[in-house]
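# based on what follows, work out the 3D shape:
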Amino acid sequence: MESLCDLGLSSYEERAYRGLLKLGTGTAAAVAEESGVPKGRVYDALGGLESRRLVRVQSDREPKRYVPVEPDIAVDRLVSAKRRELETRIETYESGRDELIARLADTSLPAEEFWTAAVGADDSLELLIERVEAADESVVVASPAVSEQFDLDRETPDLLNHLLDAIRRGVEVSVLLSPSLFDDAMAAIDNERVARTLTQGPFELRVSDDMYGTFHLIDGEEVCLEVPDPLAPNRLFGMLNLRDPIFAARVEEGFRESWDDAAVVEGV
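Next comes the predicted model:
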């Protein structure tokens with residue numbers, strides 16, 4: 001912060017306060033002269049400072065005399081007031097959140113095919129989490145391996161948290177992993193979290209050797225498809241997000257074949 005104006009004071013109020021600090025105590029006329037605040041505005045500026053409890057007023061004599069509170073007290077009071085203001089604004093935003101979402105949801109998504117892409121591990125994970133958060137009905141996670149760029153200890157709990165949120169919303173989550181990835185994932189997640197996931201709602205985990213690529217199927221309509229680096233297959237180049245019901249149906253059909261033959265994980 002460069003000035004008290006950043007905490008809500010007007011320029012005249014700040015100049016009046018600084019002038020009072022130099023004077024120690026003074027009348028409105030003295031403050032105007034010291035601070036350069038026009039005489040026609042100095043009373044409003046001092047009144048604003050008084051309402052914020054940044055000055056004390058000696059009103060039993062004429063003309064009134066003003067004394068500034070210490071700078072640390074003044075800044076703390078302004079910060080507290082700004083915090084209360086921001087908390088009130090946040091509460092207002094949160095209270096109107098559901099209504100705004102409902103209004104926006106009345107506008108249907110375009111029916112034609114659409115695709116977008118993210119490049120690199122971080123942007124790919126961000127895109128995937130975004131689509132999981134947008135899921136209304138179902139999320140399918142199918143993966144035989146993880147890219148070298150992903151840190152299982154970091155990314156797995158983060159993705160799991162978003163899958164848990166989806167489950168709490170009533171979204172059906174199905175996860176199909178290879179045996180090796182299952183072992184690595186379990187080592188990165190505490191057993192209590194996994195047990196809670198398995199029992200909280202529409203969630204099922206299976207393990208299979210019959211897998212051919214990493215993808216995520218959202219609401220049976222869109223697919224997040226990992227794209228490996230052609231020069232380094234163990235590294236992730238990026239992720240495609242395709243909203244194409246026909247392609248999604250093909251992916252789901254192939255997934256169901258592997259899913260039906262996979263071993264169900266009942267507990268950890």
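
# list the buried ones in stretch 67-78?
By neighbour count on 16 or more other CB atoms under 10 Å, the buried set for stretch 67-78 is 68-69, 74, 78. Placement of C-beta: from N, CA and C, glycine included.

# ah, wrong one, I meant stretch 87-103
Buried, per 16+ other CB under 10 Å, within stretch 87-103: nothing.

# try stretch 5-24
Quick answer for stretch 5-24 (16+ other CB under 10 Å): 7, 9-10, 12-20, 23.

# now do whichever strand or helix holds residue 223: everything it contacts.
Per DSSP states H and E, residue 223 falls inside strand 222-229. By CB atoms under 8 Å, 6 or more residues apart in numbering, the residues outside strand 222-229 that reach it are 117, 124, 127-128, 131, 147, 213-218, 234-244, 247-248, 251.

# give the rounded mean pLDDT of it.
Strand 222-229 shows a mean pLDDT of 86.

# before we move on, back to that, which of the contacts of strand 222-229 fall in strands?
Assignment to strands by DSSP state E places the following of the contacts of strand 222-229 there: 117, 215-218, 234-243.

# can you tell me which of the buried residues of stretch 5-24 are in helices?
12-20, 23 (DSSP state H).

# export those residues to CSV and append columns for pLDDT.
Listed next are those as CSV, based on pLDDT from 0 to 100:
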residue, pLDDT
12, 94
13, 94
14, 92
15, 94
16, 93
17, 92
18, 93
19, 92
20, 92
23, 91
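
# between the residues you listed, which is nearest residue 33?
residue 19 (8.3 Å; CB to CB).

# could you find the closest non-adjacent residue to the closest one?
Spatial nearest neighbour of residue 19, chain neighbours left out: residue 35 (3.0 Å); criterion: CB to CB, 6 or more residues apart in numbering.

# out of the buried residues of stretch 67-78, which are inside strands?
residue 68.

# pull the most distant pair out of the buried residues of stretch 67-78.
Going by CB to CB, the pair spanning these furthest: 68 and 78, at 12.8 Å.

# quick check: longest helix in this protein by residues?
The chain, longest helix under DSSP H: helix 71-95.

# where does residue 170 land in three-state SS?
coil (DSSP: H, G, I helix; E, B strand; the rest coil).

# low-confidence ranges in this structure?
Scanning the chain for pLDDT under 70 picks out 1, 105-112, 146-157, 187-201, 233, 267-268.

# and the buried ones among the contacts of strand 222-229, selectable in ChimeraX?
Command for ChimeraX, covering only those of the contacts of strand 222-229 found buried under the criterion 16+ other CB under 10 Å:
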select :124,127,128,131,147,214,215,216,217,218,236,237,238,239,240,241,242,243,244,247,248,251
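
# ok, back up a step: in TSV, list the ones in helices among the buried residues of stretch 5-24 along with distance to residue 3.
Below are those laid out as TSV (distance: CB to CB, whole Å):
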residue	distance to residue 3
12	12
13	11
14	6
15	10
16	13
17	10
18	9
19	14
20	15
23	19
